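>>> Pasting the sequence and the predicted coordinates here, then a few questions.
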Amino acid sequence: MATKLIQRQLTRRQILGMAALQTAATLGFTRVGLQSARADEPAAVESAPAIVVGSGYGASVAALRLGQAGIRTLVLEMGRLWNTAGPDGKVFCNTANPDQRSMWFRTRTEAPLATFLWLDVVNKDVSPYPGVLDRVHFDHMSVFVGRGVGGGSLVNGSMAVTPLQSYFAEQFPTVDTAEMYGTYFPRARAMLGVNTIDPAWFESTEWYKFTRVSRKHAQNTGLKTTFVPSVYDFGYMQREAAGTATKSALGQEVIYGNNFGKKSLDKTYLASALGTGNVTIHTMEKVTGISRAGDGSWVLSAERIDYSGAVVETKQYSCTYLFLGGGSLGTSELLLRSRQSGTLPALDASVGAGWGPNGNTMLGRANHLWDTVGANQSTMPVMGIDDWANTDNPVFAEIAPLPTGLEHWVSLYLAITKNPQRARFSYGSGGLSLDWSGAQSAVSSGMAKKLFDRINSANSTIYRYDLFGSPSRVFADDFTYHPLGGCVLGKATDNYGRVKGYSRLYVTDGSLIPGNIGVNPFVTITALAERTMARVLVEDTAP
Ligand code: FAE
């Protein structure tokens, strides 16, 4: 009875939170909270007991658990709130017709697939705007990240995969795996709204023919495939297919946002966080530096930008507890920049180290003319080829869609390889740099090649050479969707994400993961953040 009541209250709280997000968007606020939707609210809250930087997975967990503990919390997010419809009546644009909403201050989109039949038909000119997807370029690696309230959850493929317990233990030898798999992974999956596709529907729908074809080719090679869970609502997707719901995953929407169907963080953790009444989000504000005041409180400098990217205000905030959730790039940059400027001199030497792209490599295979993959493809991947147990060459390859609306005979994959190479971030006059090399990427593509050479050989097929720009490029190993590391758990932090050298400073995002986790990472990031918050709220915030 009591549990039911709590559940009902939480749901009502979540609804209130979502309403706050909606109202703020409608009125064009840059601050979102249950109180901030009121017109008589005083100007910006400049100090709060807790501040969370960013609003991706790690940040959203921190915001919710702080809010539930009754701690007034401010979330600072450099991107916009994605909840107002553009002139076409939609919040987000799709991959076929990208406009200014697609990319973070670009004049042309930079999609992962550069070309089709070697033609420059994928990318489009757009006007600069705080769009939802960013591609951050380093010398030999570029990193895709989400920008906006919800971070990567706004642009990702929704694959909600729990890593193999043995590999998690290998990567995190100091973490109690029984507790992770018994408590924090289940908690994360429940909060994220993870669901699985109905196998019968999967076998019959035209929208996943591309996956069934890739599965057949894997089976012909003697390889194992596995369904992967998702935070895209498969009930909604079935209604899309039946023509009773507006198409989103079946309407070529994904990397520039989904208008429907996806349980992004603004629908789950962040809505619940706002529902506590203790959490306020400031949007379009980038935190640029961290220092410590004489009384031990944290002082943050931030720049508020407008939709042209111009800095319209420089702000200062202060707080007692500071949680960094800017993602692998954002958190590493902030810490290194603060050390460089002399405001955080006691950071551990390992800050910036332990970075990896989760072994990402994308590639396409050309199928036989009779092996059609279907003109209609869902944008949400639901299956992977699981060859991780192959100790000579461990690879987990997600079967990715290429939804063009035309038959193209392409089987596309995002391979996650067990690439042991790591790199280090540093901060200097040119900003953040990363010493990842082309030779380190070649380790990932070499592993992907070993697996897919076997698949091609078993099916008498070849690679596609036309998808990644230069004339004969097969393996796109120079970009990643999964930036991991830079502030590794147990190295730059203690075993719970407390930053070494400082008290009441925490990291809760993907920078804690040492470069590779073997599967798509957001469930792991969420579960680790749950573990950190459970510990910190008991041990560090007690009166
Ligand atoms: P993240 O979600 O990146 O959030 C960081 C937030 O902080 C962003 O909103 C930033 O704008 C903001 N920020 C950064 N610096 C600052 C600052 N200085 N001041 C204020 N705000 C700041 O962090 N993972 C999966 O598990 N499954 C998938 O299917 C999947 N598909 C993907 C597809 C794409 C196209 C992309 C780009 C990623 C995909 N990922 C997927 C990766 C996943 O989204 C990513 O690992 C998480 O979003 C990382 O979570 P964090 O909490 O580390």
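On my side now, so go ahead. Numbers count the residues shown, from 1 in each chain.
>>> give me the number of residues near Val145?
Look at Val145: counted by other Cβ atoms under 10 Å, it has 24 neighbours. Placement of C-beta: from N, CA and C, glycine included.
>>> Likewise for Gly431?
8.
>>> In contact with Glu253, which residues?
Phe92, Asn94, Thr95, Lys247, Asn259, Thr379 (Cβ atoms under 8 Å, 6 or more residues apart in numbering).
>>> Equivalent analysis for His408, please.
Per Cβ under 8 Å, 6+ apart, neighbours of His408: Phe116, Val373, Leu402.
>>> and it, how far is that from Ala249?
Distance of His408 to Ala249, given as Cβ to Cβ, to the nearest Å: 19 Å.
>>> on that earlier part again, can I get the contacts of His408 in a markdown table including distance to the ligand and secondary structure?
A markdown table is the format used below for these (distance: Cβ to the nearest ligand atom, whole Å; DSSP: H, G, I helix; E, B strand; the rest coil):
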| residue | distance to the ligand | secondary structure |
| --- | --- | --- |
| Phe116 | 18 | strand |
| Val373 | 20 | coil |
| Leu402 | 14 | coil |
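>>> Show me just the buried residues among those.
With burial judged by 16 or more other Cβ atoms under 10 Å, the buried subset of the contacts of His408 is Phe116, Val373, Leu402.
>>> The stretch 1-150 of the chain against the ligand: which residues are in contact?
Counting by Cβ under 6 Å from any ligand atom, the stretch 1-150 of the chain comes close to the ligand at 53-59, 76-79, 144-148.
>>> out of these, which are inside helices?
Taking DSSP state H, the ones among these that sit in helices are Tyr57, Gly58, Ala59.
>>> what's the closest non-adjacent residue to the last one?
Beyond its immediate neighbours in the sequence, the residue positioned closest to Ala59 (Cβ to Cβ, 6 or more residues apart in numbering) is Gly325, lying 2.6 Å away.
>>> if I pick the one you found, what's in contact with it?
52-60, 62, 151, 331, 507-509, 529.
>>> which of those are buried?
52-60, 62, 151, 331, 507-509, 529.
>>> now, among these, which is nearest to Gly294?
Val53 (22.1 Å; Cβ to Cβ).
>>> quick one: contacts for that closest one?
Ala59, Leu76, Val287, Leu300, Leu322, Phe323, Leu324, Gly325, Gly326, Gly330, Thr331, Leu334.
>>> Just put the residues you listed in JSON lines and tack on secondary structure.
Converted to JSON lines, the contacts of Val53 look like this (DSSP: H, G, I helix; E, B strand; the rest coil):
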{"residue": "Ala59", "secondary structure": "helix"}
{"residue": "Leu76", "secondary structure": "strand"}
{"residue": "Val287", "secondary structure": "strand"}
{"residue": "Leu300", "secondary structure": "strand"}
{"residue": "Leu322", "secondary structure": "strand"}
{"residue": "Phe323", "secondary structure": "strand"}
{"residue": "Leu324", "secondary structure": "strand"}
{"residue": "Gly325", "secondary structure": "coil"}
{"residue": "Gly326", "secondary structure": "coil"}
{"residue": "Gly330", "secondary structure": "helix"}
{"residue": "Thr331", "secondary structure": "helix"}
{"residue": "Leu334", "secondary structure": "helix"}
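>>> Nearest to Thr461, out of those residues: which one, please.
Distances from Thr461 to these, taken by Cβ to Cβ, are shortest for Gly330, at 40.3 Å.
>>> The closest one touches Gly54, doesn't it?
Yes. Between Gly330 and Gly54 there is a contact under Cβ atoms under 8 Å: 5.8 Å.
>>> The ligand contacts on the stretch 401-543 of the chain?
Residues of the stretch 401-543 of the chain lying near the ligand by Cβ under 6 Å from any ligand atom: Tyr481, His482, Asp509, Gly510, Asn520, Pro521, Phe522, Ile525.
>>> So which of these sit within helices?
Per DSSP H, the subset of these in helices is Phe522, Ile525.
>>> For the residues of the stretch 401-543 of the chain next to the ligand, pick the one with the most neighbours.
Using other Cβ under 10 Å as the neighbour criterion, Asp509 leads those with 36 neighbours.
>>> got a list of what that residue touches?
By Cβ under 8 Å, 6+ apart, the contact list for Asp509 reads 54, 56-59, 324-328, 330-331, 525, 529.
>>> per the record, what domains does the chain have?
2-82+263-354+484-539, 133-140+168-262+356-478 (automatic domain parsing).
>>> Which of those has the highest mean neighbour count?
domain 2-82+263-354+484-539 (a mean of 21; mean count of other Cβ atoms under 10 Å).
>>> what's the spacing between that one and its chain's center?
How far domain 2-82+263-354+484-539 lies from its chain's middle: 15 Å, per Cα atoms, centre = their mean, to the nearest Å.
>>> Which single residue of the stretch 301-450 of the chain approaches the ligand most closely?
Nearest residue of the stretch 301-450 of the chain to the ligand (Cβ to the nearest ligand atom) works out as Gly330 at 2.6 Å.
>>> per-residue confidence for that residue?
Confidence at Gly330, expressed as pLDDT, is 98.
>>> Glu41 too?
39.
>>> can you check Gly469 too?
Note for Gly469: predicted pLDDT of 83.
>>> Can you tell me the SS state at it?
What three-state DSSP gives for Gly469 is coil.
>>> residues touching the closest residue to it other than its chain neighbours, list them.
Excluding the flanking residues, the one nearest Gly469 by Cβ to Cβ, 6+ apart is Ala114, at 4.0 Å. Going by Cβ under 8 Å, 6+ apart, Ala114 touches Asp120, Val122, Asn123, Leu467, Phe468, Gly469.
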